[in-house]
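Q: coordinates for the following, if possible.
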Amino acid sequence: MVKSRDDTIAEFNENVNMSAEEIQAWLEDPMSKKAGTGVGLESAAKIIEILKKNPTKDPDEYDDEDLDHMRKVVGYTKRHLAQESHLKETKTEAELEKTKSTISLKNWGHASTFQETDTVSWC
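A: Purely as a prediction, here's the structure:
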């Protein structure tokens, strides 16, 4: 079953917790390539495009192409966040930062850890 437009937008905006600039900076870090160089990095480019195109997150400004990609992002991040939840039981924060799951999530716009200043923290 396909998520509704409103649910997709809400979950995308919740799961993608990095700004376009933060994602771009992360992609310039060699660590971003440690989880692969294919679909996740292509997705990051599309996420950056969506975020820059609609910085106010106005639901009426998203087109069908945006929504299709947002659905992919929601599905992917939801699966990987479930995996990461399990990993948090067995690994330290420093170990988590280096897992392919955490790295991949950042490639998809989700940073799992934050510094006290609320900026994204990556190794």
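Q: hey, let's count contacts and neighbours off CA atoms from now on
A: Fine.
Q: need the residue closest to the centroid of the protein.
A: residue 109 (2.2 Å; CA atoms, centre = their mean).
Q: thinking that residue is in contact with residue 12, fair?
A: No. Look at residue 109 against residue 12 with CA atoms under 8 Å: they stay out of range, at 9.6 Å.
Q: which residues touch residue 32?
A: Contacts here follow CA atoms under 8 Å, 6 or more residues apart in numbering; on that basis residue 32 touches 26, 103, 104, 106, 107.
Q: so what does it look like in phi/psi?
A: Dihedral angles of residue 32 (phi, psi; degrees, to the nearest 10) stand at phi -60, psi -20.
Q: centre of the chain to the helix or strand bottoming out on mean pLDDT in the chain, how far?
A: Lowest by mean pLDDT, DSSP states H and E among the helices and strands of the chain is helix 93-97, with a mean of 81. Averaging C-alpha positions (CA atoms, centre = their mean, to the nearest Å) puts helix 93-97 17 Å from its chain's average.
Q: now do it: which elements does it pack against?
A: If you count contacts as 3 or more CA pairs under 8 Å, 6 or more residues apart in numbering; DSSP states H and E, helix 93-97 packs onto no helix or strand.
Q: quick check: buried residues in that helix?
A: Neighbour counts over helix 93-97 (16 or more other CA atoms under 10 Å) mark 96, 97 as buried.
Q: for residue 116, report the pLDDT, please.
A: You'll see residue 116 listed with a pLDDT of 31.
Q: for the protein, what spans make up the strands?
A: With DSSP state E, there are no strands along the chain.
Q: please identify the buried residues of the longest helix seen in it?
A: Ranked by residue count under DSSP state H, the longest helix found in the chain is helix 64-87. Of all the residues in helix 64-87, those buried under the rule 16+ other CA under 10 Å are 66, 67, 69, 70, 71, 73, 74, 76, 77, 81, 84, 87.
Q: I'm done for today, thanks for sticking with me.
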